[in-house]
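Asks: my questions concern the predicted model and sequence given below.
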Amino acid sequence: MPSLFDKLWARHTIAETPGGATIVAIDRVFLHERTGAAALNSLAAAGRKVADPARVFAAMDHIVDTFQGRDDNTLMPGGTAFITETRAACHEAGITLFDIGDPDQGIVHVVSPELGIVLPGLTLVAPDSHSCTQGAVGALAWGIGSTEAEHALATGTLRVRKPPSMRVIFDGVLAAGVTPKDMALALISAHGAAGGQGHAIEFAGPAVRALSMEGRMTLCNMATEFAAFSAVIAPDETTFAWLKGRRYAPSGAMWDAALADWQDLASDPDALFDREVTIDASTLAPMVSWGTSPGQSTAITGVVPGVAAGASRAAHDKSLAYMGLVEGQSLAGLPIDAAFIGSCTNSRLSDLERAAAIVAGRHVATGVRAIVVPGSSAVKRAAEALGLDRIFTDAGFEWRESGCSMCFFAGGESFGAGQRVISSTNRNFENRQGPGTRTHIASPETVAASAIAGRIAAP
Amino acid sequence: MSTPFVTLTAIAAPMLEDNIDTDIIIPSREMKTTGKTGLAVGLFAGRRYVSGRTENPDFILNQPQFRTAAILLAGDNFGCGSSREHAVWALAEHGIRAVIAPSFSPIFEGNAARGGVLPLRLPRAAVAALAASPAPLTIDLPAQTVTAPGLHFAFAIDAEAKAMLIGGLDAIDLTLQSADAIAAWQSRNRLARPWVYLGNH
């Protein structure tokens, strides 16, 4: 009868509070330099210690520059303090930091699965909304704020009211060129950016089962753009094979014991969910956003729509005015100023491989600025071993060091006001990538094809 | 610890827009310090200023009757996007003690109660009715009501969030009251699932 989410919750329930919250055991906490120092310093100021430093990690990803030879100096004004204070606080607390120059440095939600820090059946929290990404390995992972991070650090627990559950089933087979990013944009555009309504989501169905681990991460990553509490995909042979041998994964007899334990991590056949949605994956097409919310997306072959039934005319007009588009306008063929491949959504090795395959032997269109930021230093090294960096630079892309980079504007680097950017990131909010910057979110393949064409183009 | 929230009578500023994300509430570039203060000046910066710190007279919180508003009235999915708790800290520092909306981002909703800002859910029509009232609103958290001349609405709220807001409580102290139970649970879990626990790598 229990769902996978029910099982994960039950495994971590320490106690129920009189107020109706559960004291939930938190197995892993992952910090980053934008809020890491704030949380650790606040903890120390209150005279509290980190309960179990061995299970707390941090990475420099949000504020660091991505230029070759980068150091503590940042284009973001005041960024250096975030970096140096986080480093000092991590050292003081005895937690593992993946620092600038560390071979394991990278974006939290790329590094954590890569190193086997997140595992099936675990709970993991981070002060970052895309923590849901890590549910792809069958863990319960969600984003929290800085104050909750302090609580998790000090007590090894969080007080949480158990969210309702939702299953999203993708039936059928994805057509060629259609990716998990397109699956996510299709879900959000069909059901709205608030469609997940604080539910713990399980992604299931044959089209999800067929995804690679990195593809599953892309799908889970976008769950926060759907207002979900978390996203999980039941672990299977694909998951276990991918995790085996990773640095923080169990090995030897302990691997065997873990593997046996993980066999139960699936929803029972008669599991009940508060909501259920089914999408036929075979009907999906490459998508691109046209507006200022991930829900404002359509097939690349489509046009900017009119106001949706029940939606605000004023909000619709405001989105179009910001994006410089009109109703009925085609997305395909729209000229772009810049192309960005990066972020915790789509910057893993397979993303870079597929994008490189599209740009190989071709060149970024004149006047288009194109940048690739690998999701981690390990991804960067693996890509370079395959010669992907040369493929990208020969095609006219900038090849950067790892970090969150221009997924968001922190006061440092930006493409510029009025610039139309096609991006493999997760948010197209107004001013997200910079004041007045116009963001179209899409798969890395679509970004690559568009960079070559100089216009939005399907892969 | 935050200032306890019991009852509040204050002007409410209408921002009846859906999906007001945390980038709008506090742009990334305004999060200049590692601390939790000094953020009020960056609240809604993209809309509040025309450039630099020159105020935009059209922005609701810059208008004379709303400069001291302690309540915001908003649309669906308030606080969506990035988990940055700075959104709550900026609101609180500016003096906003409650946001009334039909729905909230789950992360923002959790952060708000912890930061002493009441996330109060009311149906769209109720929020619109409150926005049409020029008089101050009264929020009574223990009674779970919002009133204005001629208007009376009851609201639901998570019991934990309510207790923390009324008590100005620190959740860590609350949880540490169960320290023995937590330690016992961890000991059992360590035996049952040893791979969850990490030593030196």
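Replies: Here it is on my side, so go on. Note that the structure is predicted; figures quoted are calculated from it, not measured.
Asks: find the closest residue to chain B in the stretch 301-450 of chain A.
Replies: Nearest residue of the stretch 301-450 of chain A to chain B (C-beta to the nearest C-beta) works out as A:G411 at 3.3 Å. (Each C-beta comes from the backbone N, C-alpha and C, glycine too.)
Asks: and that residue, what does it touch?
Replies: A:L75, A:M76, A:P77, A:G78, A:G79, B:S28, B:R29, B:K32 (C-beta atoms under 8 Å, 6 or more residues apart in numbering or on different chains).
Asks: okay, and which of those residues map to helices?
Replies: Those of the contacts of A:G411 mapping onto helices are A:G79, per DSSP state H.
Asks: put the buried members of the contacts of A:G411 into a ChimeraX selection.
Replies: Selecting the buried subset of the contacts of A:G411 in ChimeraX, with 16 or more other C-beta atoms under 10 Å in any protein chain shown as the burial test, is done by:
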select /A:75,76,79 /B:28,29,32
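Asks: okay, the contacts of A:G411 in a markdown table with distance to A:H199 next?
Replies: Listed next are the contacts of A:G411 as a markdown table, based on distance: C-beta to C-beta, whole Å:
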| residue | distance to A:H199 |
| --- | --- |
| A:L75 | 38 |
| A:M76 | 35 |
| A:P77 | 39 |
| A:G78 | 37 |
| A:G79 | 36 |
| B:S28 | 28 |
| B:R29 | 32 |
| B:K32 | 35 |
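Asks: for the contacts of A:G411, which one is nearest A:F229?
Replies: Checking those against A:F229 by C-beta to C-beta gives B:S28 as the nearest, at 23.6 Å.
Asks: for chain B, which segments count as strands?
Replies: B:7-10, B:12-15, B:49-51, B:54-55, B:71-74, B:98-101, B:118-121, B:137-140, B:145-148, B:151-154 (DSSP state E).
Asks: what is the burial count for residue 48?
Replies: Let's take chain A. A:R48 sits with 17 neighbouring residues when counted by other C-beta atoms under 10 Å in any protein chain shown.
Asks: that's the other chain; I wanted chain B
Replies: There are 18 residues near B:R48, going by other C-beta under 10 Å.
Asks: packing partners for the helix or strand bottoming out on mean pLDDT in chain B?
Replies: Least confident helix or strand, chain B: helix B:159-167 with a mean of 85, by mean pLDDT, DSSP states H and E. With contacts taken as 3 or more C-beta pairs under 8 Å, 6 or more residues apart in numbering or on different chains; DSSP states H and E, helix B:159-167 sits against helix B:106-114.
Asks: report whether stretch A:7-16 contacts chain B.
Replies: Yes. Using C-beta under 8 Å from any C-beta of the partner chain, a contact is recorded between stretch A:7-16 and chain B, made by A:I14, A:A15.
Asks: buried residues, that stretch. List them.
Replies: A:K7, A:L8, A:W9, A:R11, A:H12, A:I14.
Asks: distance from stretch B:9-17 to the middle of the chain?
Replies: 14 Å (C-alpha atoms, centre = their mean, to the nearest Å).
Asks: that one - what's its average pLDDT?
Replies: In this model, stretch B:9-17 has a mean pLDDT of 97.
Asks: contacting residues around that stretch?
Replies: Identification of contacts with stretch B:9-17 by C-beta under 8 Å, 6+ apart yields A:312, A:315, B:60-61, B:65-66, B:68-75, B:97, B:100, B:127-128, B:130-131, B:136-139.
Asks: swap the cut-off to 7 Å and go again
Replies: Applying C-beta atoms under 7 Å, 6 or more residues apart in numbering or on different chains, the external contacts of stretch B:9-17 come out as A:315, B:60-61, B:65-66, B:68-75, B:100, B:128, B:130-131, B:136-138.
Asks: buried ones among the residues you listed?
Replies: A:315, B:60-61, B:66, B:69-75, B:100, B:130-131, B:136-137.
Asks: for the stretch 51-200 of chain A, which segments count as helices?
Replies: With DSSP state H, counting those that start in this stretch as the definition, the stretch 51-200 of chain A shows helices at residue ranges A:79-93, A:108-114, A:146-155, A:180-191.
Asks: of all the ones you listed, which lies closest to B:Q177?
Replies: Among the helices of the stretch 51-200 of chain A, the nearest to B:Q177 by C-beta to C-beta is helix A:146-155 (10.5 Å).
Asks: for A:K49, see how far away the residue nearest to A:A37 when sequence neighbours are not counted is.
Replies: Leaving aside its sequence neighbours, A:A37 sits nearest to A:E85 (C-beta to C-beta, 6 or more residues apart in numbering or on different chains; 3.6 Å). From A:E85 across to A:K49, the span is 18 Å (C-beta to C-beta, to the nearest Å).
Asks: also A:A449?
Replies: Going from A:A449 to A:K49 by C-beta to C-beta gives 51 Å.
Asks: neighbour count: the two, which is higher?
Replies: A:A449 (25 against 12).
Asks: contacting residues for A:D274?
Replies: Counted by C-beta under 7 Å, 6+ apart, A:D274 has contacts A:P164, A:S165, A:M166, A:H199.
Asks: spatially nearest residue to the third one, not counting backbone neighbours?
Replies: So the one you mean is A:M166. A:H199 (3.8 Å).
Asks: correct me, but the one you found touches A:P163?
Replies: Yes. Between A:H199 and A:P163 a contact is recorded at 5.9 Å, counting by C-beta atoms under 7 Å.
Asks: find residues that contact each of these two.
Replies: Counting by C-beta under 7 Å, 6+ apart, the residues touching both A:H199 and A:P163 are A:F229.
Asks: neighbour-wise, which of those two wins?
Replies: Comparing A:H199 with A:P163 by neighbour count (other C-beta under 10 Å), the higher total belongs to A:H199, at 25 against 20.
Asks: tell me who's in contact with the more buried one.
Replies: For A:H199, the contact set (C-beta under 7 Å, 6+ apart) comprises A:P163, A:P164, A:S165, A:M166, A:A228, A:F229, A:D274, A:R275.
Asks: any idea how far B:L118 is from the residue most central in space within chain B?
Replies: Centroid-nearest residue in chain B: B:A112, 3.0 Å away (criterion: C-alpha atoms, centre = their mean). Remark: distance between B:A112 and B:L118 (C-beta to C-beta) = 7 Å.
Asks: what does B:S82 give?
Replies: 21 Å.
Asks: also B:L198?
Replies: In terms of C-beta to C-beta, B:L198 sits 39 Å off from B:L118.
Asks: neighbour count for the two, which is higher?
Replies: Neighbour count, other C-beta under 10 Å: between B:L198 and B:L118, B:L118 has more, with 22 against 17.
Asks: where does the stretch 201-350 of chain A have low pLDDT?
Replies: Along the stretch 201-350 of chain A, the model assigns pLDDT under 70 to no residue.
Asks: from B:S187, how far out is the residue of it found nearest chain B?
Replies: Relative to chain B, the nearest point of the stretch 201-350 of chain A is A:P250 (3.7 Å; C-beta to the nearest C-beta). Between A:P250 and B:S187 the computed distance is 19 Å (C-beta to C-beta).
Asks: also B:Y197?
Replies: Distance, B:Y197 to B:S187, using C-beta to C-beta: 11 Å.
Asks: so for the two, which residue has more residues nearby?
Replies: B:Y197 (13 against 10).
Asks: contacts only, for the more buried one.
Replies: Counted by C-beta under 7 Å, 6+ apart, B:Y197 has contacts B:R190.
Asks: how about the closest residue to B:G95 other than its chain neighbours, what does it touch?
Replies: The shortest distance from B:G95 to any non-neighbouring residue, by C-beta to C-beta, 6+ apart, is to B:A70 (5.5 Å). Contact analysis of B:A70 by C-beta under 7 Å, 6+ apart lists B:L8, B:A10, B:I11, B:G95, B:I96, B:R97.
Asks: sweet, I'm off.
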